[in-house]
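**Q** give me the fold of what follows.
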Amino acid sequence: MMPLWNHAELLAATGGTASAAFDADGVAFDSREIGKGDLFFALKGEATDGHLFIEKAFANGAAGAIVSAPVDFPHILVTDTFEALQALGRAARVRMQGRVVGVTGSVGKTGTKEALFAALDRSSRGKAHRSVKSYNNHVGVPLSLARMPRDTEYGVFEMGMNHAGELRELTALVRPHCAIVTTIAPAHIEFFKDESGIADAKAEVFEGLTDDGVAIIPRDNVHFDRLNAAAGKYAKSTVGFGFSEKSDVRLLDHVSTISGETLITAKLSRATMCYCLSQPGEHWISNSLAVLAAVEAVGGDLAAAGLAMAEMGGLAGRGARHQIAVQQGTALLIDESYNANPASMSATLSELGKVNGRKIAVLGTMKELGIKSPEYHLALAEPLAAAKVDFTILVGEEMQILAEKLRAGVDGVQEIAHCASALEALELLNSELRVSDTVLVKGSNSMGLSAIVSGLVGGKS
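**A** Below you'll find the model as predicted:
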């Protein structure tokens, strides 16, 4: 079997000097992720230095390493290992002859990326590639590119940012044929003057488009015109998706099933399509329209895309559902613990409001909201009330202001608790859970609410 990278390709891409000849079947910068035959990049970061983990990487099966100082193992010596990783990512993109899609946005990046990958992987019979986890930053994107097999037919890459200029660098590496902006919302607004600044930063993704590139933009978003104007400078064509009649790819009808799926009819540029979406919620309907627009743009199989979205499971930390054991039965846990901002909180609480039985919302602090953080946290009272949540558990210092407002009395919101930590909230939940409860866990990743999920799922049925 041909290696992911042969020795000559590694030397040509990195411009380094080899201590010995070796090929690589995989690429990683975390020694814990190294498998037999992989290439280890010894990156230097603010907190640690990958060179300290060389022995562990080779103990785990590394074939060689990219280093900036000689080591007693097969290696390629370079001046800067991060620059070498970027160079290998660029080389991967150059040799790939398929079609590439870049995905960004304030909300829904990972879900859209995973759904699009599932759609394209199905139609290409396993010849699609995507960035794993949330490897969407200055290190994760070149790593994901470097891991792309040479015969890939479709590449799907998530790109994130929290400062202006970051997407410009990432999209220059990815060079997408198609770029999706899922939506614009006040995520990372701490680092921007206002939402229009976020829109401008997200629009940088269009700067890397190929000459025949397609920009896919949320038609219903208030920043559509701003995004559309930015895309027009770089894209050969733009496609608006959404619920609006002005959308190029738009929702015509949708019906929720008893099992929580959604039957959708959508108008595409060249067809009308009916399909089933396994993930609930209007935000997922919007994501699915973006997926179909991208599949159409890169010449993929729309029927395969529909089947893939019908079979998608929930993503860990982003909507995965678990039946968890409680006394005399089970309860439903909805795991949204990976991330949170005002838009995603509102959308997820709206879906919680549709379930039957007692509803419990465990909400952690939303980070990186800047001086408007108190205002955004207080605003959660409205979607909580609309969802008629029976028990609200708020976690983190920034949630204190919301707890005080809810305790003062908000129609539709009943029992309230405020916890300092995820572990405190877990202890409270363990004493409160009943048969047939539905529990939503959602907050910014730094709040560590995944510990609640791990603690509850550990006893799942």
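**Q** show me what contacts the residue nearest in space to the middle of the chain?
**A** Centroid-nearest residue in the chain, with C-alpha atoms, centre = their mean: T110, separated by 2.1 Å. Going by C-beta atoms under 8 Å, 6 or more residues apart in numbering, T110 touches 134, 136, 158, 315, 318, 338. Every C-beta, even on glycine, is put in place using the N, C-alpha and C of the backbone.
**Q** export the residues you listed to TSV and tack on secondary structure?
**A** Below are the contacts of T110 laid out as TSV (DSSP: H, G, I helix; E, B strand; the rest coil):
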residue	secondary structure
S134	coil
N136	coil
E158	strand
L315	strand
R318	strand
Y338	coil
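**Q** where does this structure have low pLDDT?
**A** Filtered on pLDDT under 70, the chain yields the residue ranges 459-461.
**Q** returning to that earlier point: could you export the contacts of T110 to a markdown table, including columns for distance to A271 and neighbour count?
**A** Shown next, in a markdown table, are the contacts of T110 (distance: C-beta to C-beta, whole Å; neighbours: other C-beta atoms under 10 Å):
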| residue | distance to A271 | neighbour count |
| --- | --- | --- |
| S134 | 33 | 17 |
| N136 | 31 | 22 |
| E158 | 27 | 31 |
| L315 | 28 | 17 |
| R318 | 29 | 21 |
| Y338 | 34 | 21 |
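**Q** can you tell me which two in those residues are farthest apart?
**A** For those, the farthest-apart pair by C-beta to C-beta is N136 and L315; their separation is 14.1 Å.
**Q** doesn't L332 belong to a helix?
**A** No - read with three-state DSSP, L332 is strand and lies in no helix.
**Q** kindly state the beta-bridge partners for the residue lying closest to it once chain neighbours are set aside.
**A** Nearest residue to L332, sequence neighbours excluded (C-beta to C-beta, 6 or more residues apart in numbering): T438, at 4.6 Å. Applying DSSP bridges to T438 gives these bridge partners: L332, K359.
**Q** I'd like to know how far T438 sits from W5.
**A** From T438 over to W5 the distance is 47 Å, taken as C-beta to C-beta, to the nearest Å.
**Q** also Y338?
**A** Between Y338 and W5 the computed distance is 31 Å (C-beta to C-beta).
**Q** S196 too?
**A** When distance is defined by C-beta to C-beta, S196 is 42 Å away from W5.
**Q** then F391?
**A** As judged by C-beta to C-beta, F391 and W5 stand 53 Å apart.
**Q** look at these two and report which has more neighbours.
**A** More neighbours surround W5 than the other of F391 and W5, with 28 against 20 (other C-beta atoms under 10 Å).
**Q** identify the residues contacting the residue nearest to the more buried one when sequence neighbours are not counted.
**A** Nearest residue to W5, sequence neighbours excluded (C-beta to C-beta, 6+ apart): A24, at 4.5 Å. Counting by C-beta under 8 Å, 6+ apart, A24 touches 3-5, 10, 37-39, 63-64.
**Q** repeat that for 10 Å
**A** Applying C-beta atoms under 10 Å, 6 or more residues apart in numbering to A24 gives the contacts 3-7, 9-10, 37-40, 62-66, 88, 146.
**Q** and A310, by the same measure?
**A** Applying C-beta under 10 Å, 6+ apart, we find A310 in contact with 261-263, 275-278.
**Q** V291 too?
**A** Shown in contact with V291 (C-beta under 10 Å, 6+ apart): 101, 103, 111-120, 156, 180, 216, 241, 249, 277, 300, 305-306, 308-309.
**Q** next: G102.
**A** If you count contacts by C-beta under 10 Å, 6+ apart, G102 has them with 113, 131, 141, 155-159, 167, 170-171, 173-181, 205-206, 208-209, 213, 216, 294.
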